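A.B. asks: Turn this into a model:
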Amino acid sequence: QVQLVESGGGLVQAGGSLRLSCAASGLTFRRYTMGWFRQAPGKEREFVAAVNWIGGTHYANSVKGRFTISRDNAKNPVYLQMNSLKPEDTAVYYCAADGSHGGVVVTTVSGYGYWGQGTQVTVSS
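C.D. replies: Got it, this is the predicted structure:
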């Protein structure tokens, strides 16, 4: 049974930093592209960042230069380092795993077959 468990969310002031972690189990981690998505109240879930099995990354324009995704294939976590946070970054952040597209990074919700429960990130102004 595949499980993705996020942690590291919380409340932070604008300009601050947070690091999210996602612990994956029940899958061959190194074969999956791992992604982070977010969903703000009243909005659709949107792509944030992803990293494929060889470390290739892709970011949404809104977070490029501020967020960094990384993975540790030996220990299974995937991280999202978030710097220079803005109030508009407030959302529930979800970890997702895609094992269907090889090393190609996809940015759509439908491209990911496994999801975590999410962790709340709130950025105050």
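
A.B. asks: Same question for the residue lying closest to Trp36 once chain neighbours are set aside, what's its three-state structure.
C.D. replies: Nearest residue to Trp36, sequence neighbours excluded (CB to CB, 6 or more residues apart in numbering): Val48, at 4.4 Å. No exception for glycine: its C-beta is placed from N, CA and C like everyone else's. Assigned by DSSP: H, G, I helix; E, B strand; the rest coil, the conformation of Val48 is strand.

A.B. asks: Contact partners for Val48?
C.D. replies: Contact partners of Val48, counting by CB atoms under 8 Å, 6 or more residues apart in numbering, are Gly35, Trp36, Phe37, Arg38, Tyr59, Ala60, Val63, Phe67, Leu80, Tyr93.

A.B. asks: run the last query once more with 7 Å
C.D. replies: For Val48, the contacting residues are Trp36, Phe37, Arg38, Ala60, Val63, Phe67, by CB atoms under 7 Å, 6 or more residues apart in numbering.

A.B. asks: Dump those residues to JSON lines, plus neighbour count, distance to Val106 and pLDDT.
C.D. replies: As requested, those are exported to JSON lines (neighbours: other CB atoms under 10 Å; distance: CB to CB, whole Å; pLDDT from 0 to 100):
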{"residue": "Trp36", "neighbour count": "26", "distance to Val106": "13", "pLDDT": "98"}
{"residue": "Phe37", "neighbour count": "25", "distance to Val106": "11", "pLDDT": "98"}
{"residue": "Arg38", "neighbour count": "23", "distance to Val106": "16", "pLDDT": "98"}
{"residue": "Ala60", "neighbour count": "16", "distance to Val106": "13", "pLDDT": "98"}
{"residue": "Val63", "neighbour count": "22", "distance to Val106": "17", "pLDDT": "98"}
{"residue": "Phe67", "neighbour count": "22", "distance to Val106": "18", "pLDDT": "98"}
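
A.B. asks: Quick check: bridge partners of the residue nearest the centre of the chain?
C.D. replies: Central residue of the chain (CA atoms, centre = their mean): Trp36, 2.0 Å from the mean position. Note on Trp36: beta-bridge partners Ala49, Cys95, judged by DSSP bridges.
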